[in-house]
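Novice: next comes the sequence, and after it the predicted model I'd like to discuss.
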Amino acid sequence: MLNGDAPEGSEWEMACSLILGKLGMRPPWPAGPDSAAEWQLAQDLEVLRTAELMVIPLPMPP
């Protein structure tokens, strides 16, 4: 951290809090980047699983 006020070793906690917290995840945070990626992939798959397909046809030129 630039200000140096953060306790030593808290970078991962702060990064998760800022990034994953904004994505809707709450503590406990993933143990590492691989776990965070797995969580994000699961979130993406859930969105796709519940999505509906809508096709909007474009008007045909005269």
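Specialist: Happy to help now that I have it.
Novice: any weak-confidence spans in the protein?
Specialist: Scanning the chain for pLDDT under 70 picks out the ranges 1-8.
Novice: show me where it has helices.
Specialist: 11-19, 33-49 (DSSP state H).
Novice: give the buried residues for the shortest one.
Specialist: Same thing as helix 11-19. Cys16 (16 or more other CB atoms under 10 Å). For glycine as for every other residue, the C-beta is placed from the backbone atoms N, C-alpha and C.
Novice: now do it against helix 33-49, angle only.
Specialist: Angle of helix 11-19 versus helix 33-49, following axes from the mean of the first three to the mean of the last three CA atoms, to 10 degrees, is 20 degrees.
Novice: hang on, the earlier thing: among the helices of the chain, which is nearest Pro61?
Specialist: helix 33-49 (33.1 Å; CB to CB).
Novice: tell me which residues are up against that closest one.
Specialist: Helix 33-49 has contacts (CB atoms under 8 Å, 6 or more residues apart in numbering) with 16, 20, 23-25, 29-30.
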